[in-house]
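> coords please:
(one chain, ligands or ions: 1)
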Amino acid sequence: MTGSAMRRLTTDILILGAGGAGLFAALHAHAANPSLSITIAVKGLLGKCGCTRMVQGGYNAALASGDSVERHFMDTIEGGAWLPDQDLAWILVNGAIERIHELENELGCFFDRNPDGTIHQKAFAGQTFDRTVHKGDLTGIEIVNRLAEQVWARGIHRLEEHRALEFIKSADGSALAGVLLVDIRTGEYVYVEAKAVLLSTGGGPTMYKYHTPSGDKSCDGLAMALSAGLPLRDLEMVQFHPTGLLAGEYTRMTGTVLEEGLRGAGGYLLDGGGERFMQKYDARGERATRDIVSRAIYAEMRAGNTSPHGGAWLSMAHLGADNVRRQFKGMVERCADCGFDLAGGRVEVVPTAHYMMGGVEFADDCSTELRGLFVAGEDSGGVHGANRLGGNGVANSTVFGGIAGDAMAGWVAREGTLHSAAEQMIEAAIKRSDRPLHAGEAVDLEAIRDRLYATMWDDAGIVRDAASLDRADASLAALSAELEQGTLPHGARDRAFNLAWHDWLNLRNLMTVSRSIVQAAKAREDSRGAHFRADFPKSSDLRTSVYTRIRRKDNDFACDTVPVRFTRVRPGESLLALAPGRN
Ligand SMILES: Cc1cc2nc3c(=O)[nH]c(=O)nc-3n(C[C@H](O)[C@H](O)[C@H](O)COP(=O)(O)OP(=O)(O)OC[C@H]3O[C@@H](n4cnc5c(N)ncnc54)[C@H](O)[C@@H]3O)c2cc1C
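Residues are numbered from 1 along each chain as shown. Take a look at the predicted model:
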């Protein structure tokens with residue numbers, strides 16, 4: 001069944017992805033205008049997929065007395081090494097307070113509380129105030145379950161296990177007309193025309209050997225945006241979480257994250273000989289930002305000072321086993337499943353690719369360069385700059401998801417129209433997706449994936465230089481060609497629930513985005529936040545900061561640099577000093 005039968009659907013608003021960004025957008029658009037037809041298309045099952053559900057640590061919001069939005073803002077800007085778009089970061093820190101109240105008071109979330117009834121906020125690395133709101137260490141499940149229930153209750157249309165493949169522009173190319181998807185269960189192509197579309201498929205650097213994001217993430221949205229010619233910024237900025245579980249080669253648990261709160265609460269990192277080493281790298285020790293801690297562990301790994309599986313030890317025992325068990329129940333159980341005693345012993349960890357700070361450039365109403373296309377959450381770029389603070393990820397997706405929902409409802413009322421699609425674009429997109437279903441030489445997808453992992457980890461990972469990036473470039477070009485020319489193994493030609501085909505599509509998207517990461521990393525000849533160039537180990541002058549902007553041009557990429565606009569505060573200044581008494 002390789003024929004290309006296609007279903008056609010029409011909706012006012014199409015939302016791609018059902019994480020914090022997609023679900024919030026749906027709820028806000030519905031609240032703004034309940035008569036709108038809103039459709040969520042999601043690769044997995046609504047409420048059960050994506051990274052928002054995996055959020056452990058929590059959600060940053062400046063709620064407590066003594067904290068302030070200015071302080072949260074300065075932590076975000078300094079953590080982001082002065083690359084964030086300051087207006088977007090300002091929206092984030094203000095919007096996070098509003099969203100936490102909305103989550104509790106309107107949507108039914110329960111977060112942990114202090115004995116006096118105020119919301120409990122815990123320490124996260126890289127922050128000058130304990131501002132991370134949480135529900136134990138399983139915060140994402142609380143948020144996504146409540147959001148999903150609310151979406152179900154509102155009659156919002158759902159296309160579950162539907163994978164978005166490509167954006168389809170209007171016949172004159174001036175606007176977005178719709179999106180081509182495939183129904184994973186039946187293999188049928190589905191073209192959804194919409195007045196407004198939200199891209200919220202959630203990035204996710206799963207092209208690295210060790211990574212944390214959910215299995216449904218393969219940078220699909222970023223690859224779609226690149227194919228549509230949109231500008232993406234900061235793609236070299238891939239965040240490695242310092243403490244991925246290292247449980248051996250043959251378990252999917254390896255790479256999953258042990259949350260930042262463990263170091264925030266006073267956990268130690270030890271080398272293979274059992275010695276603490278973080279003080280050698282940063283005065284804040286284990287509470288330094290993620291980039292610094294990841295590089296420190298990586299340096300110890302390269303020096304051979306490792307735990308048995310080649311990582312470092314995370315040790316919590318000195319904080320009291322009962323205390324650790326009480327505070328980090330989920331983490332203790334997860335480690336026990338893999339044979340480690342987190343509460344009373346120590347656990348092997350390795351830096352693991354966690355988050356992409358880069359993404360599609362967008363305006364403060366979440367609109368993009370392509371008329372009718374909006375973006376929110378991890379698919380968007382500019383809020384975090386060179387480094388994302390723990391707790392700012394889910395804040396970002398929910399704050400901007402809500403804004404996108406409001407903005408799309410307004411846009412549809414003001415200027416939203418259905419555009420006729422460029423039919424030849426749909427046909428070409430189907431042809432591209434069908435490519436590996438045709439006869440030819442079978443390709444070994446596992447082998448390609450392993451080579452992709454190794455390339456990105458070794459040559460475009462925590463430490464890079466010009467030579468390693470050139471190697472990565474060449475290797476990715478060869479791997480992409482191999483993938484493009486091959487067909488699926490075992491004669492798998494049927495599109496219905498064809499996981500090998502989806503693997504192929506995943507790899508193609510990962511390859512496209514990996515190539516852009518490498519191009520952006522080449523263009524940034526300094527070290528900033530998550531991006532460390534061994535051949536340019538120092539940060540360039542913060543006052544003349546630039547960010548990278550990449551676009552796809554046919555099968556190539558064009559990358560340039562754009563000056564950062566310091567719209568609220570300049571390097572060397574602080575909003576805390578400018579707003580005395582509000583610290
Ligand atoms: C293990 C882990 C722990 C984390 N802990 C924290 C934390 O403590 N605090 C914090 O602030 N942040 C944390 N983060 C980051 C946080 O999860 C993300 O920043 C945020 O949730 C991203 O939200 P999103 O809506 O953009 O994407 P997601 O929540 O990932 O949702 C993406 C959605 O898009 C769907 N999708 C993907 N591709 C397609 C496609 N082709 N077509 C249709 N649908 C598609 C997915 O199925 C999913 O539904 C953590 C991340 C991980 C992986």
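
> and the end-to-end length of stretch 315-335?
One end of stretch 315-335 to the other measures 12 Å (Cα to Cα, to the nearest Å).

> contact partners of that stretch?
The contact list for stretch 315-335 (Cβ atoms under 8 Å, 6 or more residues apart in numbering) reads 56, 136-138, 245, 253, 256, 258-259, 261-262, 265-270, 341-347. Backbone N, C-alpha and C define where each C-beta goes, glycine included.

> Quick one: mark the members of these that sit in strands.
245, 268-270, 346-347 (DSSP state E).

> and the residue in the stretch 101-250 of the chain positioned nearest to the ligand, what does it touch?
Nearest to the ligand, among the residues of the stretch 101-250 of the chain, is residue 202, at 2.5 Å (Cβ to the nearest ligand atom). By Cβ under 8 Å, 6+ apart, the residues touching residue 202 are 17, 19, 21, 50-52, 213, 217, 221, 377-379, 397.

> Residue 127: which of those is nearest?
Distance to residue 127 across the contacts of residue 202 (Cβ to Cβ) is lowest for residue 397, with 18.6 Å.

> Could you pull up the residues touching the closest one?
19-21, 24, 52, 200, 202, 376-378.

> measure it to the ligand for me?
Here the criterion is Cβ to the nearest ligand atom, to the nearest Å. By it, residue 397 lies 3 Å from the ligand.

> where does this protein have low pLDDT?
1-4, 578-583 (pLDDT under 70).

> mind listing the helices for the stretch 301-450 of the chain?
321-327, 329-337, 392-415, 423-434, 445-459 (DSSP state H, counting those that start in this stretch).

> about what we covered before: can I assume the residue of the stretch 101-250 of the chain closest to the ligand sits in a helix?
No: assignment of residue 202 by DSSP: H, G, I helix; E, B strand; the rest coil gives coil, placing it outside any helix.

> Quick check: phi and psi on it?
Main-chain dihedrals, residue 202, degrees, to the nearest 10: phi 80, psi 30.

> Then the one 10 residues further on?
In terms of degrees, to the nearest 10, the main-chain angles of residue 212 are phi -100, psi -30.

> Same question for the one 4 residues further on.
Per-residue torsions, residue 216: phi -80, psi 0 (degrees, to the nearest 10).

> same thing with residue 570?
Per degrees, to the nearest 10, the backbone of residue 570 is at phi -100, psi 160.

> What of residue 438?
Residue torsions, per degrees, to the nearest 10, at residue 438 are phi -90, psi 160.

> Without its sequence neighbours, what residue ends up closest to it?
Nearest residue to residue 438 in three dimensions, chain neighbours excluded: residue 487, at 6.1 Å (Cβ to Cβ, 6 or more residues apart in numbering).

> Report the separation between that neighbour and the ligand.
22 Å.

> Could you count how many residues lie near that residue?
Here the number of neighbours of residue 487 (other Cβ atoms under 10 Å) works out to 17.

> Next up, the contacts around it.
436-443.

> Quickly find the element holding residue 196.
strand 189-199 (DSSP states H and E).

> Distance check, residue 7 against the ligand.
From residue 7 over to the ligand (counting by Cβ to the nearest ligand atom), the distance is 16 Å.

> residues contacting that residue?
183, 188-191.

> Show the overlap between those residues and what lies near the ligand.
When Cβ under 6 Å from any ligand atom is applied, no member of those is adjacent to the ligand.

> tell me the contacts of the residue nearest to residue 208 when sequence neighbours are not counted?
Once flanking residues are discounted, residue 208 sits nearest to residue 353: 3.6 Å by Cβ to Cβ, 6+ apart. Taking Cβ under 8 Å, 6+ apart as the criterion, residue 353 is in contact with 205-208, 210-212, 238-241, 456, 461.

> now do residue 249
Taking Cβ under 8 Å, 6+ apart as the definition, residue 249 has no contacts.

> Residue 41 and residue 268, how far apart?
In this view, residue 41 and residue 268 are 45 Å apart by Cβ to Cβ, to the nearest Å.

> Can you list the strands that the strand holding residue 196 pairs with?
strand 6-16 (parallel), strand 176-183 (antiparallel), strand 373-375 (parallel) (DSSP bridges).

> looking at the helices of the stretch 301-450 of the chain, which is closest to residue 359?
The nearest among the helices of the stretch 301-450 of the chain, by Cβ to Cβ, is helix 392-415 at 10.1 Å.

> ok, and for that closest one, which residues are buried?
392-412 (16 or more other Cβ atoms under 10 Å).

> Point me to the residue of the stretch 451-583 of the chain nearest the ligand.
For the stretch 451-583 of the chain and the ligand, the shortest gap (Cβ to the nearest ligand atom) falls at residue 509, measuring 8.0 Å.

> Settle this for me: that residue is touching residue 218, isn't it.
Yes: the criterion here is Cβ atoms under 8 Å, and residue 509 meets it with residue 218 at 5.1 Å.

> between those two, which one's more packed in?
Neighbours were counted for residue 509 and for residue 218 using other Cβ under 10 Å; residue 218 has more, 26 against 23.

> Look up how far the ligand lies from the residue nearest to residue 245 when sequence neighbours are not counted.
Leaving out its chain neighbours, the residue that sits closest to residue 245 by Cβ to Cβ, 6+ apart is residue 256, at 5.2 Å. From residue 256 across to the ligand, the span is 6 Å (Cβ to the nearest ligand atom).

> what do you get for residue 56?
From residue 56 to the ligand the distance is 5 Å (Cβ to the nearest ligand atom).

> Look up how far residue 55 lies from the residue lying closest to that residue once chain neighbours are set aside.
Among residues not flanking residue 56 along the chain, residue 259 sits closest, at 4.1 Å (Cβ to Cβ, 6+ apart). The gap separating residue 259 from residue 55 is 9 Å, by Cβ to Cβ.

> secondary structure element for residue 548?
Residue 548 belongs to strand 546-553 when assigned by DSSP H and E.

> quick one: strands adjacent to the helix or strand following that strand?
Once strand 546-553 ends, the next helix or strand along the chain (criterion: DSSP H and E) is strand 556-563. Using DSSP bridges, the strands paired with strand 556-563 are strand 546-553 (antiparallel).

> And for the strand it pairs with, what's in contact with it?
Strand 546-553 is contacted by residues 83, 226-227, 229-236, 358, 361, 382, 385, 512, 516, 519-520, 523-524, 557-564 when judged by Cβ under 8 Å, 6+ apart.

> residues of that strand that come out buried?
Result for strand 546-553 [16+ other Cβ under 10 Å]: buried residues 547-552.

> Kindly report the same for stretch 91-101.
For stretch 91-101, by 16+ other Cβ under 10 Å, it's 91-97, 99-100.

> ok, it near the ligand or not?
No: applying Cβ under 6 Å from any ligand atom, one finds stretch 91-101 out of contact with the ligand, separated by at least 9.8 Å.

> what about that stretch, distance to the chain center?
Its chain's C-alpha centre and that of stretch 91-101 lie 19 Å apart, by Cα atoms, centre = their mean, to the nearest Å.

> Residue 78: how many residues sit nearby?
Neighbours of residue 78 under the rule other Cβ under 10 Å: 20.

> Quick check: it is in a strand.
No: Residue 78 is assigned helix when assessed by three-state DSSP, not a strand.

> Can you tell me the SS state at the residue of the stretch 451-583 of the chain closest to the ligand?
helix.

> Leaving out the residues flanking it, which one is nearest to it?
Residue 509 sits nearest to residue 223 (Cβ to Cβ, 6+ apart), 3.7 Å away.

> Next up, the contacts around that neighbour.
508-510, 512-513.

> what do you get if the cut-off is 6 Å, keeping everything else the same?
509, 512-513 (Cβ atoms under 6 Å, 6 or more residues apart in numbering).

> In the stretch 1-150 of the chain, what residue lies closest to the ligand?
Counting by Cβ to the nearest ligand atom, the stretch 1-150 of the chain gets nearest the ligand through residue 19, at 2.0 Å.
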